[in-house]
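**Q** sequence below, structure please.
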Amino acid sequence: MWHVLFLLLLAADTGPADRLFREGKFAEAVTAYGRLVNADPSAADAMAGLGRSLLEIHRTADAIQYLERAVRLKPDLVEARLALARAFVESGNPGPVMSLVEPVYERQPADPQTLRLMIEGFYGGGYYQRALQLIGELRKMQPGDLRIRQLYAVSLAKVGRDAEAEAACKALMDERPEALDPDVTLTWVQILYEHGRIEAAMPYADKMVAQQPRNSIAALWKARLLAGSGHTDEAIKEAELSVSLAPGLPFARTLLLGLYRKTGRERDAEREIEWLRNFNDRAAAGRGR
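**A** Numbering: from 1, shown residues only. Down below sits the predicted model:
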């Protein structure tokens with residue numbers, strides 16, 4: 001009986017673990033919170049602390065597991081919701097972010113962390129105009145934030161504000177030529193391409209392909225630039241690389257289809273036509289559900 005009571009008291013006291021977290025001793029905090037969770041698997045605060053600590057030591061998948069459980073146990077636990085949203089952003093899966101953060105944003109719209117996560121959610125979901133509105137608010141609070149400046153530059157291009165996007169992208173790339181951001185750089189390449197400035201765009205596409213050889217979008221843009229400058233055989237190689245890296249990318253398949261037809265490779269072209277037909281059929285079936 002006393003043993004059970006001791007465990008319950010232990011589970012209720014997150015103070016020592018919280019202190020470790022505040023001091024930045026995240027690995028130690030993981031151990032401390034883990035003991036509390038083992039003692040009481042329904043302790044939402046300890047579960048949230050464990051998830052937040054795991055996130056800080058870059059164990060994102062583990063963090064998501066515990067943070068999801070914490071939010072289920074205690075939906076109004078703000079720190080757990082925000083940490084879970086951040087974990088999804090860092091894992092490259094922004095889909096669940098909005099449903100997690102919107103209730104918090106309604107209560108504290110001026111909080112920079114909440115605002116940042118709302119921006120990431122809108123941006124990741126393709127709602128660039130709404131992202132720009134919130135970016136405007138956050139830039140007033142944190143004008144020099146690099147990530148927000150990057151999202152701003154790309155979002156400008158996505159909503160067709162090319163002149164502003166070009167200036168914003170160029171400023172970022174000039175500041176950090178040794179560490180180009182892929183989204184910003186490929187947005188810059190797209191702007192140049194769409195305005196017929198293929199020669200100016202090519203060095204940046206080359207840099208992205210060299211910097212990220214497994215980036216299918218970088219390979220696709222290099223293929224487009226090569227095709228636009230008449231280097232068809234080289235364009236085919238880059239488009240084929242893009243397809244091999246991301247077989248489900250219809251834009252690369254469409255480009256490859258045109259290049260195959262241009263060079264008389266009809267059998268290869270028919271293969272791409274069949275793939276695109278199946279892709280469109282699946283998409284239509286999905287819309288019909």
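
**Q** from now on I want contacts and neighbour counts done on CA atoms only, so please keep to that.
**A** OK.

**Q** ranges for the helices of the stretch 51-200 of the chain?
**A** 60-73, 78-90, 97-107, 112-124, 128-141, 146-158, 162-175, 182-194, 198-211 (DSSP state H, counting those that start in this stretch).

**Q** mind exporting the fourth one as PDB, just the C-alpha atoms?
**A** Right, helix 112-124. Extracted in PDB, the C-alpha atoms of helix 112-124 (Å, rounded to 0.1, in the frame of the first residue of the first chain):
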ATOM      1  CA  PRO A 112       5.800  34.500 -31.400                       C
ATOM      2  CA  GLN A 113       6.100  30.700 -31.000                       C
ATOM      3  CA  THR A 114       2.500  30.100 -31.700                       C
ATOM      4  CA  LEU A 115       2.500  32.500 -34.600                       C
ATOM      5  CA  ARG A 116       5.600  30.800 -36.100                       C
ATOM      6  CA  LEU A 117       3.900  27.400 -35.900                       C
ATOM      7  CA  MET A 118       0.800  28.800 -37.500                       C
ATOM      8  CA  ILE A 119       3.000  30.100 -40.400                       C
ATOM      9  CA  GLU A 120       4.700  26.800 -40.800                       C
ATOM     10  CA  GLY A 121       1.300  25.100 -40.900                       C
ATOM     11  CA  PHE A 122      -0.200  27.400 -43.500                       C
ATOM     12  CA  TYR A 123       3.100  27.300 -45.600                       C
ATOM     13  CA  GLY A 124       3.300  23.500 -45.400                       C
END
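
**Q** which residues does it contact?
**A** The contact list for helix 112-124, computed with C-alpha atoms under 8 Å, 6 or more residues apart in numbering, reads 82, 85-86, 89, 94-98, 101-102, 104-105, 108-109, 128, 130-132, 134-135, 138, 141, 148, 151, 155.

**Q** one more time with 7 Å
**A** 85-86, 94, 97-98, 101, 105, 109, 128, 130-131, 134-135, 138 (C-alpha atoms under 7 Å, 6 or more residues apart in numbering).

**Q** hang on, the earlier thing: got JSON lines for the helices of the stretch 51-200 of the chain, with mean neighbour count too?
**A** As requested, the helices of the stretch 51-200 of the chain are exported to JSON lines (neighbours: other C-alpha atoms under 10 Å):
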{"stretch": "helix 60-73", "mean neighbour count": "20"}
{"stretch": "helix 78-90", "mean neighbour count": "23"}
{"stretch": "helix 97-107", "mean neighbour count": "17"}
{"stretch": "helix 112-124", "mean neighbour count": "22"}
{"stretch": "helix 128-141", "mean neighbour count": "17"}
{"stretch": "helix 146-158", "mean neighbour count": "20"}
{"stretch": "helix 162-175", "mean neighbour count": "16"}
{"stretch": "helix 182-194", "mean neighbour count": "21"}
{"stretch": "helix 198-211", "mean neighbour count": "18"}
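
**Q** which one, of the ones you listed, ends up nearest to residue 29?
**A** helix 60-73 (13.0 Å; C-alpha to C-alpha).

**Q** and the closest one, what other elements does it pack with?
**A** Packing contacts for helix 60-73, counted by 3 or more C-alpha pairs under 7 Å, 6 or more residues apart in numbering; DSSP states H and E, involve helix 44-56, helix 78-90.

**Q** can you redo those as a markdown table with distance to residue 246?
**A** Putting these into a markdown table (distance: least, C-alpha to C-alpha, whole Å) gives the following:
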| stretch | distance to residue 246 |
| --- | --- |
| helix 44-56 | 28 |
| helix 78-90 | 21 |
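
**Q** could I get those as TSV with distance to residue 227 and mean pLDDT?
**A** What follows is these, written out as TSV (distance: least, C-alpha to C-alpha, whole Å; pLDDT from 0 to 100):
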stretch	distance to residue 227	mean pLDDT
helix 44-56	43	96
helix 78-90	34	95
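
**Q** looking at those helices, which is nearest to residue 72?
**A** helix 44-56 (8.5 Å).

**Q** please state the offset of that closest one from the chain centre?
**A** Remark: helix 44-56 is offset 22 Å from the chain centroid, using C-alpha atoms, centre = their mean, to the nearest Å.

**Q** that helix to helix 60-73, inter-axis angle?
**A** 160 degrees (axes from the mean of the first three to the mean of the last three C-alpha atoms, to 10 degrees).
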